[in-house]
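**Q** Here's my sequence, what's the structure:
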Amino acid sequence: MSHSIATSRFPITIYYEDTDAGGVVYHANYLKFFERARTEMLRHEGISQQDLLEQKTGFVVRSVEIDFFRGARLDDHLIVLTSVSERKRASLVFCQELVNPQNEVLCRAIVKVACIDTQKMKPRGIPEQLFAESCSEC
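**A** This next block holds a predicted model:
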């Protein structure tokens, strides 16, 4: 089965634990939000990371390019938009945006992940059925 993934939407609520002393989300926590959104995107498409791990296949973050435009604050209700913008033999590029209810972008990230053999810790091809026709522009 080939997975063609549209842009996914993952809701985030900002909790006290997410913020710094000024009440704004601490910059590193945006990476956690984006990781959760990528995981839920896969789960929504029926792709289990646990199943992939049992096949000795995993995804690791290779690089992140992130731009901050506005700070998220305590009790904000936001959405992470996630899409696959590029697929190569052993890597994927995700485009992710954190938006508020007015659809204003608070933060944008380009996340490159590599597919690896988890025993050898070396690159491996992405299984054919994953992300075959899923690319969109970032």
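
**Q** Can you tell me which helix or strand of the protein has the lowest average pLDDT?
**A** Of all helical and strand segments in the chain, the minimum by mean pLDDT, DSSP states H and E falls on helix 49-54, at a mean of 88.

**Q** Now do the buried residues in that one.
**A** For helix 49-54, a neighbour-count test (16 or more other CB atoms under 10 Å) marks residue 52 as buried. Every residue, glycine included, has its C-beta placed from N, CA and C.

**Q** Show residues contacting the helix or strand just after that helix.
**A** Going down the chain from helix 49-54, the next helix or strand is strand 57-68, by DSSP states H and E. Here strand 57-68 makes contact (CB atoms under 8 Å, 6 or more residues apart in numbering) with 27, 30-31, 49, 52, 91-92, 106-118, 124, 127.

**Q** How about stretch 94-104?
**A** If you take CB under 8 Å, 6+ apart as the criterion, stretch 94-104 is touched by 12, 30, 33-34, 37-38, 69-70, 72, 76-85, 105-113, 136-138.

**Q** Would you write a ChimeraX line that selects the buried entries of the residues you listed?
**A** Only the buried entries of those go into this ChimeraX selection, using 16+ other CB under 10 Å:
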select :12,30,33,34,37,38,72,76,78,79,80,81,82,83,84,85,106,107,108,109,110,111,112,113
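
**Q** now, which of the contacts of stretch 94-104 lie within strands?
**A** Members of the contacts of stretch 94-104 lying in strands (criterion: DSSP state E): 12, 77-85, 105-113.

**Q** now the residue most central in space within the chain: how far from residue 74?
**A** Geometric centre of the chain, nearest residue: residue 38, 3.2 Å, by CA atoms, centre = their mean. Residue 38 is 24 Å from residue 74, where distance means CB to CB, to the nearest Å.

**Q** what packs against the helix ranked longest in the chain?
**A** Once the chain is assigned using DSSP state H, the helix that runs over the most residues is helix 29-44. Secondary-structure packing of helix 29-44 (3 or more CB pairs under 8 Å, 6 or more residues apart in numbering; DSSP states H and E): strand 8-13, strand 57-68, strand 77-87, strand 91-99, strand 105-117.
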